[in-house]
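**Q** Got a predicted structure plus its sequence, pasted below:
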Amino acid sequence: MIATLTVEERQRAIAVSAFLALCGVIMAIAGRDDLLGTHGVIVLLFGLGGIGLVLSKYFEPEPPQERLSHYYDDPTKVGIVLSLGWAVVGMFFGVWVAALLAWPDLTFDAAWASFGRLRPVHTSGVIFGFGGNALIATSFHVLQRTSRARLPDQFSPWFVLLGYNLFCVLAASGYLMGLTQSKEYAEPEWYADIWLVVVWVVYFLIYIRTLQRRKEPHIYVANWYYMAFILVVAVLHIVNNLAVPVSFGHAKSYSLFSGVQDAMTQWWYGHNAVAFFLTAGFLGMLYYYLPKRAGRPIFSYRLSIISFWGITFMYMWAGSHHLHYTALPQWVQTLGMTFSVVLLVPSWASAGNALATLNGAWDKVRDDATLRFMMVAAVFYGLSTFEGSFMAIRAVNSLSHYTDWTVGHVHAGALGWVAMITFGSLYALVPWMWKVERMYSPKLIEVHFWLALAGTIIYVFAMWNSGIIQGLMWRTYNDSGTLAYSFIDSLVAMHPYYISRTIGGLLFLIGAIVAAYNVWMTIRMARSQAAGTAEADRPVLHGAGAALQPGE
Amino acid sequence: MEFDYHSLVGFAKSWGLFYLIALAIGVLIYALWPSNRARFDRAKKSILDKDDRPGD
């Protein structure tokens, strides 16, 4: 990792790490009477770790000029490993919070293990930790291949990847300590938000600098999606996190907006986080890895362009459907509802485009679990975008809002679409990155596929049942015109579904653990193969070669 | 003109419609323009090339 940096880049890495460590010291001192101080220590350790890492390899020889005739894949490799690590952690917390709803005693009387603190660890862990790292890793891969140009330098990709993970660590550790802005998917406090902006700008610059040097006349559509993801997330993140800290020595901040403006800004952000973090970026993955794995070009390139612009411009207006029947002006609610319904067109265009690409390769889908992951992802994308458009209609929303139906909808998208396309893409990408023929165990991919599919279906059906029962119980009146059920009645009715939801989530978690093991073993397999070829090409000096088999 | 809630609503309700229609027409023209077919075809097929090195 460090050996691939030039000496100048190693110096830059040390300088940036030192600056980071200094920021950590300032935060720790200024916030010594506050939780900000704890985060200062984490930042300091991160900076010192960076310095130590570079110094440990500082005097290794520079990488040869010949490196420029290869793509730079080391950040992608580390990103894949980080992504799977976060997947296991994030999904573990997911199963835990699911179990908490069924068995509330599982907080063990610890403040940090209360539902309100664990839940954002789950959501940020899977969305930003698992999804974000997978997006960064795959975007570097796709960007280089489709523009036939190497990344512009060797330092900035590491800055983006590791800096982003620092943000994730600050987020998760902050939640456990009770630090939150109380904005869904934007919980981290102001200093973490500022850091993410810096990381994100560098990320975007990597994209622009590589595209400038591209050898292909046309920018492949997957890059459009990745760029929309980076650019729009930057805009959303900055606007929604405009806040004034209590003081520079204090972690707490207050939003610049108030009342209904704050709610509208939050859900403009929240829904576009779904659109551009969880959709556009992963559509980028879909448009590259699915044709690649199927060995067939995308069914209609023109359709992919039309749906790109459709998704980009219509999603922007859909956020207000989260605020039906609130103080938000009626016409803004209607606007959000209308755009949500129209969004079905570009969404289904993408899902249909993916499935039509597979038309003629169904035998591959049957035999290859990796491709099947991608196919199921496209199907769930189609299903959950239909469901989303439907739920955005005001009358439907009056039943579904605030119930578990919403939770089920989110997980149909998150498990069925986002996680499935990610796992499919990673299974395709890992053998390419570590230069081996195939994954360590195709059987385990098959096992993972069925665990993931079974887990998703159990989860989604449990939440559909639970949500609709809940919604109906809340709106049932008796003859005297008062509510027929108390809130506790609806809670008792939901209990069995909470248990089955936990089981569905557990299956999905086990699948992710299987994936992490499979990838880990593939990396070990690649290393032993590389060591084998290196030794075979050299005379054996000592008895060390005795263990080698003739076949090696 | 004072920049208040009503002027914002007026702007959004009128020009918002026109710019989205203009955008839709522009995208359709770009995507369906006959001479763009060649570059789109090249783009969608070129990702399947086996060569894994930067350059032409």
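**A** Noted; the coordinates are in hand.
**Q** Can you spell out which helices and strands pack onto the strand or helix carrying A:Phe390?
**A** Using DSSP states H and E, A:Phe390 sits within helix A:369-391. With contacts defined as 3 or more Cβ pairs under 8 Å, 6 or more residues apart in numbering or on different chains; DSSP states H and E, helix A:369-391 has these neighbours: helix A:281-294, helix A:330-342, helix A:344-358, helix A:362-367, helix A:394-400, helix A:404-411, helix A:420-433, helix A:442-474. (Glycine included, C-beta is placed from N, CA and C.)
**Q** Nearest approach to A:Phe115 belongs to which of those?
**A** helix A:404-411 (13.4 Å; Cβ to Cβ).
**Q** pLDDT (mean, whole number) over the closest one?
**A** Mean pLDDT, helix A:404-411: 97.
**Q** what residues does it touch?
**A** Residues outside helix A:404-411 that contact it (Cβ atoms under 8 Å, 6 or more residues apart in numbering or on different chains): A:384, A:387-388, A:391, A:399-400, A:456, A:459-464, A:466-468, A:470-471, A:494, A:497.
**Q** Worst mean pLDDT across the helices and strands of chain B, which element?
**A** Lowest by mean pLDDT, DSSP states H and E among the helices and strands of chain B is helix B:5-32, with a mean of 90.
**Q** per-residue confidence at the closest residue to A:Leu242 other than its chain neighbours?
**A** Spatial nearest neighbour of A:Leu242, excluding adjacent residues (Cβ to Cβ, 6 or more residues apart in numbering or on different chains): A:Leu256 at 4.2 Å. pLDDT for A:Leu256: 95.
**Q** again, but for A:Ala531
**A** 84.
**Q** coming back round to it: counting contacts, what elements does the least confident helix or strand of chain B pack onto?
**A** Counting contacts by 3+ Cβ pairs under 8 Å, 6+ apart, helix B:5-32 is packed against helix A:301-315.
**Q** Whether the helix it packs on contacts chain B - can you check?
**A** Yes - with Cβ under 8 Å from any Cβ of the partner chain as the criterion, chain B is reached by helix A:301-315 at A:301-302, A:305-306, A:309-310, A:313.
**Q** Let's have the residues you listed in JSON lines, adding pLDDT.
**A** As requested, those are exported to JSON lines (pLDDT from 0 to 100):
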{"residue": "A:Tyr301", "pLDDT": "96"}
{"residue": "A:Arg302", "pLDDT": "96"}
{"residue": "A:Ile305", "pLDDT": "96"}
{"residue": "A:Ile306", "pLDDT": "95"}
{"residue": "A:Trp309", "pLDDT": "95"}
{"residue": "A:Gly310", "pLDDT": "94"}
{"residue": "A:Phe313", "pLDDT": "90"}
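**Q** how about the helices and strands packed on helix A:369-391 in a markdown table, adding mean neighbour count?
**A** Putting those into a markdown table (neighbours: other Cβ atoms under 10 Å in any protein chain shown) gives the following:
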| stretch | mean neighbour count |
| --- | --- |
| helix A:281-294 | 26 |
| helix A:330-342 | 18 |
| helix A:344-358 | 20 |
| helix A:362-367 | 13 |
| helix A:394-400 | 16 |
| helix A:404-411 | 22 |
| helix A:420-433 | 24 |
| helix A:442-474 | 20 |
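**Q** So for A:Phe373, which of those helices sits nearest?
**A** Per Cβ to Cβ, nearest to A:Phe373 of the helices and strands packed on helix A:369-391: helix A:420-433, 3.2 Å.
**Q** helices or strands up against that closest one?
**A** helix A:74-102, helix A:133-147, helix A:281-294, helix A:369-391, helix A:442-474, helix A:487-536.
**Q** now these in CSV, with distance to A:Phe204?
**A** As requested, these are exported to CSV (distance: least, Cβ to Cβ, whole Å):
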stretch, distance to A:Phe204
helix A:74-102, 16
helix A:133-147, 11
helix A:281-294, 13
helix A:369-391, 25
helix A:442-474, 32
helix A:487-536, 28
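**Q** so A:His401 makes contact with A:His324?
**A** Yes - counting by Cβ atoms under 8 Å, A:His324 is a contact partner of A:His401 at 6.5 Å.
**Q** and the residue nearest to A:Asn518 when sequence neighbours are not counted, what does it touch?
**A** Excluding the flanking residues, the one nearest A:Asn518 by Cβ to Cβ, 6+ apart is A:Leu444, at 4.6 Å. Neighbouring residues of A:Leu444 by Cβ under 8 Å, 6+ apart: A:514-515, A:517-518.
**Q** Considering the residues you listed, which possesses the most neighbours?
**A** Greatest neighbour count in these, by other Cβ atoms under 10 Å in any protein chain shown, goes to A:Ala515: 28 neighbours.
**Q** Identify the residue spatially nearest to it, adjacent ones excluded.
**A** Nearest one to A:Ala515, counting by Cβ to Cβ, 6+ apart, is A:His448 at 5.2 Å.
**Q** shouldn't the one you found be in contact with A:Val514?
**A** Yes - using Cβ under 8 Å, A:His448 is in contact with A:Val514, at 4.6 Å.
**Q** If you count neighbours, what's buried in the helix holding A:Phe390?
**A** Counting neighbours by 16 or more other Cβ atoms under 10 Å in any protein chain shown, one finds that the buried residues in helix A:369-391 are A:369-385, A:387-389, A:391.
**Q** Stretch A:178-186: end-to-end distance?
**A** 14 Å (Cα to Cα, to the nearest Å).
**Q** about what we covered before: now the least confident helix or strand of chain B and helix A:301-315, what's the angle there?
**A** Counting by axes from the mean of the first three to the mean of the last three Cα atoms, to 10 degrees, helix B:5-32 points 170 degrees away from the direction of helix A:301-315.
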